[in-house]
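In: would you be able to build a 3D model of this:
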Amino acid sequence: MFMNLNAGAIGIRIDLEGAIALAKKHGFAGVDFSITEAARRAEERGIDTVRSFFTAAGVRPGSFGLPVEWRGDEARWREGLQQLPRLAELAAALGCQRCVTWVPPASDERPFDENFRFHVERFRPIAEILQQSGCRLGLEFIGPATSRRGRKYVFIYTLDGMLELCRAIGTGNVGLLLDCWHWYTSHGTLDDLRKLTNTDVVAVHLNDAPAGIPVDEQIDNRRCLPMETGVIDVPGFLRALKNLGYDGPVTVEPFNERVRALSADQACAETAAALRKAFQAAGIL
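Out: Just a heads-up that it's a prediction; the model follows:
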């Protein structure tokens, strides 16, 4: 596994070249990016030039967000499906085969079984297209109880539930975007992680939780940098991933106002230091 930067997740608005430069400067081995932005750059300057952004810096692509609006309008979903083959081919040509998105943990429109079928129907064509370019799809479950309250129908919010959806999609290239925040807030255990394999995990997010708040009262967009509070067993989480042979990006996504208020360099420096501390505590560095 490797330290990976998602600039937007720590409040930095910057273009692809700028994000790669920040990753290199602060010791991140990889960087998340927008495949639609990369496609625009490839059209303007050629794919070899875009590829050189990464290779010249010695920074690898981490993951790219799914560029298909799959949650709502069917026409927009189908339009996204039409664009996905060329974007997936570009991602693979850039050396990135990890595509990710998140799944809402509740619905006001569809009961569980209907919603499950809806997600299978929406994701299976996406996964099939990604598979043609050797790409995998990582699905993130959303753990906090506060994200489900007030909604009419509960949906998937646990690791086991998301694995069931991955199996139902049935293409063999769908796994988890595994965030230790959602693992913790869904009452996940280390034993849950120990039963996974590397093929089950497409990408990883690492965070900590504010202290003094009961787990079922944690709010999704109020998080901390890894190892900041010790509420989440970040070292145990990482050791479990190490033991299953996980070989992908580990990205901090704290949604933290203090971090967002820092300069780009300060935010990257603190994030990198937190990741190194976590990796060292887990015996990875």
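In: what is the neighbour count of residue 255?
Out: Neighbour count of residue 255, defined by other CB atoms under 10 Å: 17. (Glycine included, C-beta is placed from N, CA and C.)
In: now residue 258
Out: Residue 258: 12 neighbours (other CB under 10 Å).
In: which helices and strands sit right next to the one helix or strand it maps to?
Out: Element membership for residue 258, per DSSP states H and E: helix 257-260. If contacts are counted by 3 or more CB pairs under 8 Å, 6 or more residues apart in numbering; DSSP states H and E, helix 257-260 sits against helix 264-281.
In: buried residues, the helix it packs on. List them.
Out: 264, 267-272, 274-279, 281 (16 or more other CB atoms under 10 Å).
In: in JSON lines: these, plus distance to residue 174.
Out: Output for the buried residues of helix 264-281, formatted as JSON lines (distance: CB to CB, whole Å):
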{"residue": "264", "distance to residue 174": "34"}
{"residue": "267", "distance to residue 174": "32"}
{"residue": "268", "distance to residue 174": "31"}
{"residue": "269", "distance to residue 174": "35"}
{"residue": "270", "distance to residue 174": "33"}
{"residue": "271", "distance to residue 174": "28"}
{"residue": "272", "distance to residue 174": "30"}
{"residue": "274", "distance to residue 174": "30"}
{"residue": "275", "distance to residue 174": "26"}
{"residue": "276", "distance to residue 174": "31"}
{"residue": "277", "distance to residue 174": "32"}
{"residue": "278", "distance to residue 174": "27"}
{"residue": "279", "distance to residue 174": "27"}
{"residue": "281", "distance to residue 174": "31"}
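In: how about residue 129, nearest residue that isn't a chain neighbour?
Out: Take residue 129 and drop its neighbours on the chain: the residue closest to it by CB to CB, 6 or more residues apart in numbering is residue 84, 4.8 Å away.
In: next, find the distance separating residue 59 from residue 51.
Out: Relative to residue 51, residue 59 is positioned 12 Å away (criterion: CB to CB, to the nearest Å).
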